[in-house]
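# Build the 3D model from these lines:
(2 chains)
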Protein chains: 2
Amino acid sequence: MTSDVRYEWRAIHSKRPLASIETSPMPEPSCRSVAIIGLGLLGGSVALSIRRRWPSVRLTACARSPETRALALDRSIVDEVFESPDGAANGCDLAVIATPVNRIASLAQTLAGQFPELTLTDVGSTKGGLVRELADSSAAKQFVPAHPIAGSEKSGAEHASAELFDDKPIVLTPSGEELPHHVNRATEFWRATGGRIVTMPAEEHDATLALTSHLPHLLSSLAARQITPSMLSLVGTGWLDTTRVAAGDADLWTAIVSENREAILGAIQQSQTDLSTLHSIVTQGDDEALRTWLETAKQIRLDAPT
Amino acid sequence: MTSDVRYEWRAIHSKRPLASIETSPMPEPSCRSVAIIGLGLLGGSVALSIRRRWPSVRLTACARSPETRALALDRSIVDEVFESPDGAANGCDLAVIATPVNRIASLAQTLAGQFPELTLTDVGSTKGGLVRELADSSAAKQFVPAHPIAGSEKSGAEHASAELFDDKPIVLTPSGEELPHHVNRATEFWRATGGRIVTMPAEEHDATLALTSHLPHLLSSLAARQITPSMLSLVGTGWLDTTRVAAGDADLWTAIVSENREAILGAIQQSQTDLSTLHSIVTQGDDEALRTWLETAKQIRLDAPT
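Model (predicted):
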């Protein structure tokens, strides 16, 4: 950590744009070089947000498609691109695994085996299965599980944004096996993306996210599925907002549901019970009960951060 | 109706701003004066959008609260305000009833009785009950049922906008009893708000809207109701979008559900069946079926107008 004065001196003498000064002074980077494994919307946005706050850090990325690798260089999302994860991670202090959630554990184990000093973190939206899978492995000492709660129905590095994580919660779910310097490095790194750090056990994260993210996504898809194409000319902003996330990537969401099945089943059952309650209220024409049912939802929504 | 040249001449010589020329040439107004009965978000937005396209038309409004009447004059939403509907409608060519849906029929009957030349229309989001209630009455000759599909989770004239109806569907559901000059006048009027006119039977409107608007609203409330206040710090843009309309007015939505109960019950049952299907798929861990379930929703959403 360093003083604001020293930070500004370094930024002023850098050849990078001075935008980072205008946001908020950041401590000295906790890493000199960072690898992004998987360059989609999240991986690309991690790179762009780190560039903004830590302009001196060298960024590498691994991406399977040649088009993505070309785009990453053309748009200066990263400094160097590789086809293989170990190519990108070689010589780095920290690697962010930003692949679909079902590929994170095996990548973490491979990279930890090759690079014992590397700090590992990820962007996976479910955490319990990952923590269980890595438990008691040497990778568990290096891997700091993270879930930045930010996204979009759009996917791909071409939609990446340096502002995606600004003021968004970054949930860290440490297993307790991590070595402290990896936790510190990963925490500083995530703070530099612009997000705010929240720490909780993996199981609590998954149960909460089943209700705050996974179920809403499924209900959004449910709402979209009830109409026929000929009705689309009559949808209003209500339908468009409620179903916005239903346009998200079906493979990605299949993997999320698969990884967090038990908690999501509980959330679906809870919503089925509440939908049955609503059905009874409407059948009976009980306007007072319906008003209360709607009012409860309204109060929760109005209390949400904007 | 008139030529564009004559329209432009009139607009250029008017003291009003010329914004109306910049949008699109409009025919000569079909009314000289219009009353807005009920000055909430929709009533206020009707007034502002008509001012923009038909600057020469005199606008009056009836609002129950003194604060709303003061706001309407302060912001020049209308030219004159009244406490009573007949005060506002007196001497007008057309009146828009923009009250909650359960008050429209009786207001239409009262105003038709007092002003036999007045064209009546409304903004109610359900239409079948209204058409049935007015059937064979003298009011049915004057009343052109309308539903502008535009809105916001915000309510009140203070959130009114001149652009609310731009390119939005305005559904007219004539019963067939209306006198043709009332239909023509109301159609021209609604076109002047910036919306696009769609005509269909009231029953078809209600069945469609149960699926495109009412059910999505209830599913949005359902999603909001599943979380506890302590989880709000972890919600992301997905939850915020999916639940946005749940912040809407509970009284207004209670009235809508009450007016369109049968169609909404059918929509709830349809969604219960689909939610049971989803529950089975997730229980079985059938990833291929889940991907297809999500993909169907995605395709519908991607085909929606933006």
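# A:L219 and B:L222 touch, don't they?
Yes - if you go by CB atoms under 8 Å, A:L219 and B:L222 touch, sitting 6.4 Å apart. All C-beta spots, glycine's among them, are computed from the backbone N, C-alpha and C.
# what residues are shared contacts of these two?
A:S271 (CB atoms under 8 Å, 6 or more residues apart in numbering or on different chains).
# Just the buried positions in stretch A:103-114, please.
The neighbour-count check on stretch A:103-114 (16 or more other CB atoms under 10 Å in any protein chain shown) flags A:104-105, A:107-109, A:111-112 as buried.
# Greatest separation within those: which pair is it?
Taking CB to CB as the measure, these span a maximum distance of 12.0 Å, between A:I104 and A:A112.
# Whichever residue of the stretch 51-200 of chain A sits closest to chain B and A:L302: what is the separation?
As assessed by CB to the nearest CB, chain B sits closest to A:I149 within the stretch 51-200 of chain A, at 4.2 Å. A:I149 sits 20 Å away from A:L302, going by CB to CB, to the nearest Å.
# Which of those two has more residues huddled nearby?
The neighbour comparison of A:I149 against A:L302 (other CB atoms under 10 Å in any protein chain shown) goes to A:I149, with 23 against 12.
# For that one, what are phi and psi?
phi -90, psi 80 (degrees, to the nearest 10).
# Contacts only, for it.
Taking CB under 8 Å, 6+ apart, we find A:I149 in contact with A:168-171, A:213, B:234-236.
# Let me know whether stretch A:262-277 sits next to chain B.
Yes - applying CB under 8 Å from any CB of the partner chain, one finds stretch A:262-277 in contact with chain B at A:264-265, A:267-272, A:274-276.
# which one of those is nearest B:S65?
Of all the residues of stretch A:262-277 next to chain B, A:D274 has the smallest distance to B:S65: 34.7 Å, by CB to CB.
# pLDDT at that closest one, what is it?
Listed pLDDT for A:D274 reads 98.
# Could you pull out the strands in the stretch 151-300 of chain A for me?
Here the stretch 151-300 of chain A has its strands, by DSSP state E, counting those that start in this stretch, at A:169-172, A:196-199.
# quick check: domain ranges of chain A?
A:4-200, A:205-302 (automatic domain parsing).
# Could you give the backbone dihedrals for the closest residue to A:E117 other than its chain neighbours?
Spatially, and ignoring its direct neighbours in sequence, A:E117 is nearest to A:D93 (7.8 Å; CB to CB, 6 or more residues apart in numbering or on different chains). Note on A:D93: its backbone torsions stand at phi -90, psi -30 [degrees, to the nearest 10].
# Please apply the same query to A:G38.
According to degrees, to the nearest 10, A:G38 has phi 100, psi 110.
# which residues sit in contact with it?
A:62-63, A:97-100.
# change it to 10 Å
By CB atoms under 10 Å, 6 or more residues apart in numbering or on different chains, the residues touching A:G38 are A:44, A:46, A:61-64, A:68, A:85, A:88, A:96-100, A:103-104, A:107, A:122-123, A:157.
# Also A:A140?
A:108-109, A:112, A:120, A:131, A:133-134, A:174-179.
# Does it belong to a helix, a strand or coil?
helix (DSSP: H, G, I helix; E, B strand; the rest coil).
# Look up the closest residue to it, ignoring the ones flanking it.
A:E177 (4.0 Å).
# where does the one you found fall, phi/psi-wise?
Dihedral angles (degrees, to the nearest 10) for A:E177: phi -90, psi -20.
# That one: how many residues sit nearby?
A:E177 has 16 nearby residues by other CB under 10 Å.
# I'd say it and A:Q142 touch.
Yes - look at A:E177 against A:Q142 with CB atoms under 10 Å: they come within range, at 9.5 Å.
# Give me the common contacts of those two.
A:L134.
# List the contacts of the residue of the stretch 101-250 of chain A found nearest chain B.
Using CB to the nearest CB, the closest approach of the stretch 101-250 of chain A to chain B is made by A:S221 at 3.6 Å. Residues in contact with A:S221 (CB under 10 Å, 6+ apart) are A:243, A:245-248, A:250, A:253, B:274, B:278, B:293-298, B:300-301.
# Whichever of the contacts of A:G38 count as buried, I'd like them selected in PyMOL; how would that read?
For the buried members of those, the matching PyMOL selection, counting by 16+ other CB under 10 Å, is:
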select buried, chain A and resi 44+46+61+62+63+68+85+88+96+97+98+99+100+104+107+122+123+157
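# Show me what from the stretch 1-150 of chain A comes close to chain B.
A:102, A:125, A:147-150 (CB under 10 Å from any CB of the partner chain).
# Filter these down to just the ones in strands.
A:147-148 (DSSP state E).
# Which one of the residues of the stretch 1-150 of chain A next to chain B is nearest to B:A289?
A:N102 (17.1 Å).
# give me the number of residues near the residue lying closest to the closest one once chain neighbours are set aside?
Nearest residue to A:N102, sequence neighbours excluded (CB to CB, 6+ apart): A:A255, at 4.7 Å. Number of residues near A:A255 (other CB under 10 Å) recorded here: 22.
# wait, isn't A:A255 in contact with B:D287?
Yes - between A:A255 and B:D287 there is a contact under CB under 10 Å: 8.3 Å.
# Give me the common contacts of these two.
Joint contacts of A:A255 and B:D287 (CB under 10 Å, 6+ apart) are A:N102.
# Now for the nearest residue to A:A250 once chain neighbours are set aside: which residues touch it?
Nearest residue to A:A250 in three dimensions, chain neighbours excluded: B:L294, at 4.1 Å (CB to CB, 6+ apart). Contact analysis of B:L294 by CB under 10 Å, 6+ apart lists A:217-218, A:221, A:224-225, A:246, A:248-254, A:257, B:278, B:281.
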